[in-house]
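Novice: prediction below, plus the sequence it came from.
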Amino acid sequence: MIERPTARYGQQRLSRSARRWIVIGLTALVVITGVAIAGVAFTRFGSGDVKGELGGYRVLDPHTVDITISVTRDDPSRPVVCIVR
């Protein structure tokens, strides 16, 4: 193989197979990182064993409703958020 003058032509590029392996490695790293983040988010913020049941409601006026909701969860030490729509 003939050596190219670096001053004139710049540094030699990586071979095609080396570039391909770098792209494959970076793609795999991004996919693995995304799966790990999704797994952590699901365990921390995913729906757990929380159940809500409508006990009853009463219309007080055209803009106000009194609602009774029963919320049951397996682990009372973990905080939950209830959204009534």
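Specialist: Ah, there it is.

Novice: and the closest residue to K51 other than its chain neighbours, helix, strand or coil?
Specialist: Among residues not flanking K51 along the chain, T72 sits closest, at 4.8 Å (Cβ to Cβ, 6 or more residues apart in numbering). In this view, the C-beta of every residue, glycine as well, is placed from N, C-alpha and C. Here T72 is recorded as strand under DSSP: H, G, I helix; E, B strand; the rest coil.

Novice: and T72, what does it touch?
Specialist: T72 makes contact with V50, K51, G52, E53, according to Cβ atoms under 8 Å, 6 or more residues apart in numbering.

Novice: tell me which helix or strand comes right after whichever helix or strand R19 is part of.
Specialist: Using DSSP states H and E, R19 sits within helix 16-45. Per DSSP H and E, the first helix or strand lying C-terminal to helix 16-45 is strand 50-61.

Novice: elements contacting that next one?
Specialist: In terms of contacts (3 or more Cβ pairs under 8 Å, 6 or more residues apart in numbering; DSSP states H and E), strand 50-61 is packed against strand 64-73.

Novice: picking that back up, tabulate the contacts of T72 (JSON lines), appending distance to S77, pLDDT and neighbour count.
Specialist: Listed next are the contacts of T72 as JSON lines, based on distance: Cβ to Cβ, whole Å; pLDDT from 0 to 100; neighbours: other Cβ atoms under 10 Å:
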{"residue": "V50", "distance to S77": "13", "pLDDT": "79", "neighbour count": "14"}
{"residue": "K51", "distance to S77": "17", "pLDDT": "83", "neighbour count": "9"}
{"residue": "G52", "distance to S77": "19", "pLDDT": "84", "neighbour count": "14"}
{"residue": "E53", "distance to S77": "21", "pLDDT": "89", "neighbour count": "9"}
